[in-house]
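Colleague: Quick one, structure for this:
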Amino acid sequence: MSPPSRRHPHLFVHDDPIVRSPSTLASVEDCVSERVAVRTLIVAGDVTPAVKLGAALAAQGHDVAFAGVPSEVDEIRRAVERHVSNDATVAVDAIGLARKVPDELAAVSARWTRVDMILVVSRLDARVAGLLDQSGPELQRALDEGSWPLVGAIHATQRVFTAGPRHAVAISRDDLQRFDADAAYRSVAAGVLETFVRYMATHLRPQGVLVNALRLPAQGNTAPDSNAVADVLVAIGTGLLDAMSGQVVTVDGGLGLRRGIGVTEVR
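Modeller: As a prediction, the model looks like this:
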């Protein structure tokens, strides 16, 4: 393990190209004491929340790179700096940019020998209708060819690096208003995400890739902030939630419970 950076003393980078599974760590405290920087690639289908999430993860010690962000590196750095508190230390030097997803990851591979975690931040509702129109063979072909962003990012990582990531997480921001108004859509959208994640988890587990999804309301005063989402991802990165591979984790500040029991607002 390399010594801490003078500029960013909270970051320690494990130099061994052989990825040590974080699941051997007994607790979050053990992970923190070991100072293993989790190298996280964020594929941004929804740019603003992806940048905010990257800032929150960098503040917690993740080594972060972006793909699919149509901006220059300096613009991303400024956006990251705007979305963290003044007392947070962000490893801005660790934030990179790959201009195209999934074919061009040279900007990432030039700095990293591995990717530990892939995050794809997107809107599920933009994909449900098209997915339901596909036949079984068409859907299978779309998954095999990487038409879904999470699949494409995993395939690209496996091509550029010698191995895929340890964790892959699809982060879906739902249309809260449509969910409240359309129960049928809510059921279908939830089923699509759950089925997709379970399928990918079963398909990729033999390759050592653990797949999960986080489901977030896209708007509303109970929508989780970036730090709350980052907390869940940090726990996943430590290996503490490896037994939950294939599951969808809802991060909604209790919104689902309140809606289910008929409470519309809690002051």
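
Colleague: and the helix of greatest length in the chain, what other elements does it pack with?
Modeller: Ranked by residue count under DSSP state H, the longest helix found in the chain is helix 183-204. Secondary-structure packing of helix 183-204 (3 or more CB pairs under 8 Å, 6 or more residues apart in numbering; DSSP states H and E): helix 125-132, helix 149-160, strand 167-174, helix 176-181, strand 210-217, strand 248-250. Heads up, the C-betas are built off the backbone N, CA and C, glycines and all.

Colleague: Could you tell me the least trusted of these?
Modeller: Note on the helices and strands packed on helix 183-204: lowest mean pLDDT is at helix 176-181, with a mean of 54.

Colleague: How much space separates R215 from V197?
Modeller: 10 Å (CB to CB, to the nearest Å).

Colleague: hang on, I meant D231
Modeller: 20 Å.

Colleague: same question, G136
Modeller: Going from G136 to V197 by CB to CB gives 18 Å.

Colleague: okay, the two: which has more neighbours?
Modeller: Between G136 and V197, counted using other CB atoms under 10 Å, the more crowded position is V197 (24 against 7).

Colleague: pLDDT wise, what is the more buried one at?
Modeller: 88.

Colleague: Pull the contacting residues for it.
Modeller: 170, 211-213, 246-248 (CB atoms under 8 Å, 6 or more residues apart in numbering).

Colleague: how about a cut-off of 10 Å?
Modeller: 150, 168-170, 172, 211-213, 215, 245-249 (CB atoms under 10 Å, 6 or more residues apart in numbering).

Colleague: In ChimeraX, how would I select just the buried ones from the residues you listed?
Modeller: Those of the contacts of V197 that count as buried under 16 or more other CB atoms under 10 Å are selected in ChimeraX with:
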select :150,168,169,170,172,211,212,213,215,245,246,248,249
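
Colleague: can I get the contacts of V197 in CSV with distance to A67?
Modeller: CSV is the format used below for the contacts of V197 (distance: CB to CB, whole Å):
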residue, distance to A67
L150, 12
A168, 13
V169, 14
A170, 15
S172, 18
V211, 18
N212, 19
A213, 19
R215, 22
S245, 23
G246, 24
Q247, 25
V248, 23
V249, 23
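
Colleague: picking up where we left off before, tell me which residues of the longest helix of the chain are tucked away?
Modeller: Under the neighbour-count criterion of 16+ other CB under 10 Å, helix 183-204 has 185, 189-190, 192-193, 196-198, 200-201, 204 buried.

Colleague: Now render the residues you listed as TSV, adding distance to A65.
Modeller: Shown next, in TSV, are the buried residues of helix 183-204 (distance: CB to CB, whole Å):
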residue	distance to A65
Y185	34
A189	29
A190	30
V192	28
L193	25
F196	24
V197	23
R198	28
M200	22
A201	24
L204	21
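
Colleague: Between all of these, which two are at the greatest distance?
Modeller: Distance extremes for those: the farthest pair is Y185 and L204 at 28.2 Å, using CB to CB.

Colleague: Please enumerate the strands of the protein.
Modeller: For the chain, the strands defined by DSSP state E cover 39-44, 63-67, 96-98, 117-122, 167-174, 210-217, 248-250.

Colleague: which neighbours does the last one have in its sheet, and in what orientation?
Modeller: By that I understand strand 248-250. strand 210-217 (parallel) (DSSP bridges).

Colleague: Now do the partner strand against strand 167-174: the angle between them, please.
Modeller: 20 degrees (axes from the mean of the first three to the mean of the last three CA atoms, to 10 degrees).

Colleague: picking that back up, of the buried residues of helix 183-204, just say which sits nearest to R114.
Modeller: Distances from R114 to those, taken by CB to CB, are shortest for L204, at 16.3 Å.
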